[in-house]
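> Show me how the following folds:
(chains A and B)
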Amino acid sequence: MTPSTLLRALPRPPAPDALPPLLAAMVGRLPSRPPSMAFAAAANALAWPALRELDWSIARDRRFHVRVRDLGLSLYFGVRADGFYAVAGGRADVTFTASAADFARLALRLEDPDTLFFNRRLLIEGDTDLGLAVKNLLDGVELEVAAATLPAGLGRVLLRLRRLALETGAA
Amino acid sequence: MTRPLLELICPAGSLPALKAAVDHGADGIYLGLKDNTNARNFSGLNFDTKTLAEGIRYAHAKGAKVLMALNTYPQPATLARWHAAIDTAAASGIDAAILADPGLMAYAVRHHPQLRLHLSVQGSATSYEAIEFYRERFGIQRAVLPRVLSLAQVENVITHTDVEIELFGFGGLCVMVEGRCLLSSYACGDSPNTFGACSPGHAVRWQQTPEGMETRLNGVLIDRYADHEKAGYPTLCKGRFAVGGETYYALEEPTSLNSLELLPDMARLGVAAIKIEGRQRSPAYVAQVTQVWRAAIDAVKRDAGRFKPHPAWMSALDKVSEGSMHTLGAYYRPWK
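Got it, this is the predicted structure:
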């Protein structure tokens, strides 16, 4: 798959609820623990090398909830000095809600969270200050440096994907 | 020395935002330290001495200036923090400090006479007499005008002072009494002038309810948005309140200033610099907005007579605007 076909495969705004409702409802009924564990494992393998140097003391014993609106997916996790870990669902200190495509845009730094918030595509509930602190912590990471820590090739693909999105206006 | 004309001054709350501004054509970047010595005091935002040094190195290597906002008003118990911040600024090699408090200006002049000083918008100086006062006493070389003057009034200021004038070009608008606004104290017990934020994260709560998304500031309900409605920043001035049996934006609407179409006038008046608001925003915003304003300013400098705001520029700016709409603010109005 080339980056441009990958890019075309990304759902575009304004289609925050792109998945068929039935599929989303089915995913939504699955228990949150296995996806949270899978997320923590994937995040540790892919993202942690770029994030380990950050000061995560603000996240100590705090529970994050990422709700992917169109997938009906809820991820509950914590972050500590050695990486991400899954926690039981239901209770969180801060909850971020957006579509899968918008989370991808935020991760690729194609979109500004305030812009998504103004347009009601991003909701932050719970401890706003914690959410803000994490957002600003992640904003401090340099994309090129982060990409260089990814497994061979993946970083280059992501940066190329990002450049293409900027050039084609898909952001 | 030639006087600057329409320098593009862009915001940075992080090193990647600074680099985005430099890479997309900013002539200068303004930033603050990680505490309440500046008016964007948010958790995790801003620079420490390490990122400051790296930011200055990066900007200077590419010919861009770095300005440091130290634009809150120190309180007696913590004055040492502001003095230390000015010492840090002077030692770091920044190109100017942006100050609002006359006491801090006096400190800067006494201890760091080589440090170039700009008068912050928080200084709230709207007349050339006020600006001249700051020049005579403290040698300020540039003043950022509050967003309350019409272009005719801006012209009057520029005609009567040699101090460089910087105008806000784009970004979130505030309630127009910069440096004097105590509104958030009503809900939070803190004002932006001393605490450095009018909607501190610890006081903000958003909640999706069956009636819509509610925004509360320290428990005070300041707005409730229906699903289709655009949202604004969680500040009291941008809330909707029940007044005389009607619920509406009683103070101001959440909207962004966009003065891009006035650039030829600003060039004619000799406006030294255009400031883009938004140190609290992410690198993506800084990149998007800097790119548009760089292109627009270059177009004006090439041929002001034929300048026309490109529709793509305006839609790119509207997209990132608070409330997703824009206004010319006070710049364009017939009354004085």
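> Tell me who's in contact with the residue nearest the centre of chain A.
Centre of chain A computed as the mean C-alpha position; nearest residue by C-alpha atoms, centre = their mean is A:F103, 4.6 Å away. Neighbouring residues of A:F103 by C-beta atoms under 8 Å, 6 or more residues apart in numbering or on different chains: A:V66, A:V68. Where you see a C-beta, it was placed from the backbone N, CA and C, and this is true even at glycine.
> Kindly export whichever strand or helix holds it (C-alpha atoms) in CSV.
If you go by DSSP states H and E, A:F103 is part of helix A:100-107. What follows is helix A:100-107 as a C-alpha-only set of coordinates in CSV (Å, rounded to 0.1, in the frame of the first residue of the first chain):
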residue,chain,number,x,y,z
ALA,A,100,-10.7,7.9,14.4
ALA,A,101,-9.8,10.2,11.5
ASP,A,102,-9.6,13.2,13.8
PHE,A,103,-7.4,11.4,16.3
ALA,A,104,-5.2,10.4,13.4
ARG,A,105,-5.0,14.1,12.2
LEU,A,106,-4.1,15.2,15.7
ALA,A,107,-1.4,12.5,16.0
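> next helix or strand past that helix?
helix A:113-118.
> Who are the packing partners of the longest strand anywhere in chain A?
The longest strand of chain A (DSSP state E) is strand A:73-80. Judged by 3 or more C-beta pairs under 8 Å, 6 or more residues apart in numbering or on different chains; DSSP states H and E, the packing partners of strand A:73-80 are helix A:21-29, helix A:33-46, strand A:64-68, strand A:83-86.
> Looking at the ones you listed, spot the one closest to chain B.
strand A:64-68 (10.5 Å; C-beta to the nearest C-beta).
> That closest one: partners in the sheet, and parallel or antiparallel?
Within its sheet, and counting by DSSP bridges, strand A:64-68 is paired with strand A:73-80 (antiparallel), strand A:94-98 (parallel).
> Report the angle between the longest strand of chain A and helix A:33-46.
For strand A:73-80 against helix A:33-46, the angle by axes from the mean of the first three to the mean of the last three C-alpha atoms, to 10 degrees is 50 degrees.
> buried ones in strand A:73-80?
A:L73, A:S74, A:L75, A:Y76, A:F77, A:G78, A:V79 (16 or more other C-beta atoms under 10 Å in any protein chain shown).
> my read: the fourth one touches A:G89, true?
In this case it means A:Y76. Yes - with contacts counted by C-beta atoms under 8 Å, A:Y76 reaches A:G89, the gap being 4.7 Å.
> give me every residue that touches the nearest residue to B:D95 once chain neighbours are set aside.
In space, and not counting its chain neighbours, B:D95 is closest to B:K65: 4.0 Å by C-beta to C-beta, 6 or more residues apart in numbering or on different chains. The contact partners of B:K65, taken as C-beta under 8 Å, 6+ apart, are B:E7, B:D27, B:G28, B:I29, B:A59, B:D95, B:A96.
> Contacts for the helix or strand containing B:I29 next, please.
Following DSSP H and E, one finds B:I29 within strand B:28-31. Here strand B:28-31 makes contact (C-beta under 8 Å, 6+ apart) with B:7-13, B:18, B:21-22, B:46-47, B:52, B:55, B:59, B:64-69, B:95, B:98, B:273, B:275, B:279.
> Show me what the helix or strand that that strand is followed by is packed up against.
Per DSSP H and E, the first helix or strand lying C-terminal to strand B:28-31 is helix B:49-61. Applying 3+ C-beta pairs under 8 Å, 6+ apart, we find helix B:49-61 packed against helix B:15-23, strand B:28-31, strand B:65-70, helix B:79-92.
> Of all the residues in the stretch 1-150 of chain B, which one is nearest chain A?
Nearest residue of the stretch 1-150 of chain B to chain A (C-beta to the nearest C-beta) works out as B:G44 at 3.1 Å.
> residues touching residue 117, list them.
No chain in the question, so chain A it is. By C-beta under 8 Å, 6+ apart, the contact set of A:F117 is A:L123, A:I124, B:A231.
> um, chain B though
B:A96, B:A97, B:L99, B:M105, B:A108, B:V109, B:F138, B:G139, B:I140, B:Q141.
> re earlier: the residue nearest to B:D95 pairs with what?
Beta-bridge pairing of B:K65 under DSSP bridges involves B:G28.
> circling back: need the contacts of B:K65 in a markdown table (columns: neighbour count and pLDDT).
Output for these, formatted as a markdown table (neighbours: other C-beta atoms under 10 Å in any protein chain shown; pLDDT from 0 to 100):
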| residue | neighbour count | pLDDT |
| --- | --- | --- |
| B:E7 | 19 | 98 |
| B:D27 | 20 | 98 |
| B:G28 | 21 | 98 |
| B:I29 | 31 | 98 |
| B:A59 | 24 | 98 |
| B:D95 | 17 | 98 |
| B:A96 | 19 | 98 |
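> any chance of the residues you listed in TSV, plus distance to B:K319?
TSV is the format used below for those (distance: C-beta to C-beta, whole Å):
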residue	distance to B:K319
B:E7	25
B:D27	24
B:G28	24
B:I29	22
B:A59	27
B:D95	31
B:A96	31
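> Could you list the residues of chain A in contact with chain B?
Within chain A, the positions near chain B by C-beta under 8 Å from any C-beta of the partner chain are A:58, A:97, A:109-115, A:117-120, A:123-125, A:128-137, A:139-143, A:171.
> In PyMOL, select just the buried ones from those residues.
The buried subset of these, as determined by 16+ other C-beta under 10 Å, is captured in PyMOL by this line:
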select buried, chain A and resi 58+97+109+110+111+112+113+114+115+117+118+119+120+123+124+125+128+129+130+131+132+133+134+135+136+137+139+140+141+143+171
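> ranges for the helices of chain B?
Along chain B, counting by DSSP state H, helices occupy B:15-23, B:49-61, B:79-92, B:102-111, B:128-138, B:151-159, B:185-188, B:192-195, B:263-269, B:283-302, B:311-319.
> which parts of the longest one are buried?
Spelled out, that is helix B:283-302. For helix B:283-302, burial by neighbour count (16+ other C-beta under 10 Å) applies to B:283-297, B:299-300.
> and those residues near chain A, which?
When contact is defined as C-beta under 8 Å from any C-beta, these meet chain A at B:P283, B:A284, B:Y285, B:Q288.
> I'd assumed B:E277 was in contact with the third one.
No - using C-beta under 8 Å, B:Y285 and B:E277 do not qualify as a contacting pair, with a distance of 10.2 Å.
> Looking at chain B, which strand is longest?
The strand that spans the most residues within chain B, counting by DSSP E, is strand B:164-172.
> my guess is A:G72 meets A:A25, correct?
Yes - using C-beta under 8 Å as the test, A:G72 is close enough to A:A25 to be in contact (6.3 Å).
> Neighbours of B:F241, how many?
14 (other C-beta atoms under 10 Å in any protein chain shown).
> Could you do A:S99 as well?
Number of residues near A:S99 (other C-beta under 10 Å) recorded here: 23.
> Assess the claim that it and A:R67 are in contact.
No - with contacts counted by C-beta under 8 Å, A:S99 stays clear of A:R67, the gap being 10.1 Å.
> For the stretch 201-336 of chain B, which residue gets nearest to chain A?
In the stretch 201-336 of chain B, the residue that lies nearest chain A is B:G201 (3.3 Å; C-beta to the nearest C-beta).
> which residues touch that residue?
Residues counted as contacts of B:G201 (C-beta under 8 Å, 6+ apart) are A:T128, A:D129, A:L130, A:G131, A:L132, A:A133, B:F42, B:S43.
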